[in-house]
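Novice: coords below, sequence missing:
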């Protein structure tokens, strides 16, 4: 089968636009889309921003790192080592090789070294993804700030985003949904480093293909705790919808982005954010979620 | 024909009676939607023909973590 735009062999069929593309035209489309996503939401500024790129060693984060380097942004790769044996130790090797090859500065911060425990030591496996999310976001924000970064970029893709939107809708978490979007957060605070998601317009399949075509070596070892995630059920449902009705995921994202300004206005906090009594970070209560989790497991 | 297939979870040489990538995936009971597929190092679509001793690599699309 030929590319819809030239005579070369097609490497992907984009059912949602009715096109088949060759490697060159696909890469071009992919890179333009990421560039447009960054520009449209005014995510990053080449002159002003120093960007901490959250890197797990998987396809999404390494593709993001590769592209931000290629787009000439001021970046530093940051990895949070949560201490998941057989998973994180494996991925660190991939990141090290990648950063060395592309001459990207890389920092690793260990949960064990900083707080004295690992995710493996947590008994309640069903809530693992929630704990991990709180810990990783918290550490990434603190470390990015300490490194003098003005933005945190993560490799969330179209699949991650649409799953997150539906999960929050299903759970009735509209206030939480208001804090998401292309640029995370509804508040401005000196302690909060805004998070951006330049790959949110690219599907998981497109990320894998881009990585393979550009010889980006990533780890595809699955997190041993991901099987417990509620996300898997939503993912399966969404993939079935997309297979039957191509373009479903784009439609969800596009319509969510239209709703987001209304959600943010409605849920705009009336009070100034408070400071956590334990760590001094931003919180809505008296103690932040990060400290709550650390307190529960550090002993 | 003999085809060598490699993925995250397995590597195997198999005798295969079909002629295309789509038929191979069906024989392996795998959904093509969940993989990017290469044949002898080149990315291919499902309707691509296979030849004896081709090396097929499957890159899983879904990863947890």
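Specialist: Yep, it's here. The shown structure was predicted, so the numbers you read here are calculated from the model rather than taken from an experiment.

Novice: how many neighbours does residue B:29 have?
Specialist: 6 (other Cβ atoms under 10 Å in any protein chain shown). Bear in mind the C-beta positions are built from the backbone N, C-alpha and C, glycine included.

Novice: Please identify the helix or strand for residue A:62.
Specialist: Take DSSP states H and E as the rule and residue A:62 turns out to sit in helix A:59-70.

Novice: typed the wrong thing, it's residue A:94
Specialist: With elements taken from DSSP H and E, the one containing residue A:94 is helix A:88-102.

Novice: List the contacts of the residue most central in space within chain B.
Specialist: Ranked by distance to the mean C-alpha position of chain B (Cα atoms, centre = their mean), the top residue is residue B:56 at 4.7 Å. Counting by Cβ atoms under 8 Å, 6 or more residues apart in numbering or on different chains, residue B:56 makes contact with B:3-6, B:21, B:24, B:37-39, B:50.

Novice: In contact with residue A:193, which residues?
Specialist: Neighbour list for residue A:193: A:52, A:141, A:144-145, A:149-152 [criterion: Cβ under 8 Å, 6+ apart].

Novice: Around the closest residue to it other than its chain neighbours, how many other residues sit close by?
Specialist: Nearest-residue entry for residue A:193: residue A:144, 4.6 Å, with adjacent residues in sequence omitted and distances by Cβ to Cβ, 6 or more residues apart in numbering or on different chains. Using other Cβ under 10 Å, residue A:144 has 25 other residues around it.

Novice: With residue A:190 instead?
Specialist: Counted with other Cβ under 10 Å, the neighbours of residue A:190 add up to 7.

Novice: Look up how far residue A:281 lies from it.
Specialist: When distance is defined by Cβ to Cβ, to the nearest Å, residue A:190 is 11 Å away from residue A:281.

Novice: just residue B:27 next, same as before
Specialist: The gap separating residue B:27 from residue A:281 is 54 Å, by Cβ to Cβ.

Novice: Tell me which of these two has more neighbours.
Specialist: Counting neighbours by other Cβ under 10 Å for residue B:27 and for residue A:281 shows that residue A:281 has the greater number, 21 against 15.

Novice: from what I can see the more buried one touches residue A:288, true?
Specialist: Yes. Contact status for residue A:281 versus residue A:288: in contact at 5.2 Å, counting by Cβ atoms under 8 Å.

Novice: who touches both of the two?
Specialist: In terms of Cβ under 8 Å, 6+ apart, residue A:281 and residue A:288 are both contacted by the residues residue A:138.

Novice: ranges for the strands of the chain?
Specialist: No chain was given, so I picked chain A. Per DSSP state E, chain A carries strands over the ranges A:12-14, A:19-21, A:50-54, A:74-81, A:106-110, A:151-153, A:195-196, A:274-275, A:282-283.

Novice: right idea, wrong chain: chain B
Specialist: With strands called from DSSP E, chain B shows them at B:2-6, B:11-15, B:35-39, B:42-44, B:55-60.

Novice: Now mean pLDDT too, for the ones you listed, in CSV please.
Specialist: Supplementary listing: the strands of chain B in CSV, determined by pLDDT from 0 to 100:
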stretch, mean pLDDT
strand B:2-6, 94
strand B:11-15, 92
strand B:35-39, 95
strand B:42-44, 95
strand B:55-60, 95
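
Novice: low pLDDT regions in chain A?
Specialist: Across chain A, the stretches falling below the confidence threshold (pLDDT under 70) are A:185-186, A:228, A:299.

Novice: In it, which residue sits closest to chain B?
Specialist: Of the residues in chain A, the one nearest chain B is residue A:226, at a distance of 2.7 Å by Cβ to the nearest Cβ.

Novice: how many other residues sit next to that residue?
Specialist: The local packing of residue A:226 (other Cβ under 10 Å) involves 17 other residues.

Novice: ditto for the one 10 residues further on
Specialist: Other residues within reach of residue A:236 by the criterion other Cβ under 10 Å amount to 11.

Novice: Near chain B, which residues of the stretch 1-150 of chain A? Just list them.
Specialist: With Cβ under 8 Å from any Cβ of the partner chain as the criterion, the stretch 1-150 of chain A comes near chain B at residues A:1, A:9-13, A:20, A:23, A:56, A:58-59, A:87.
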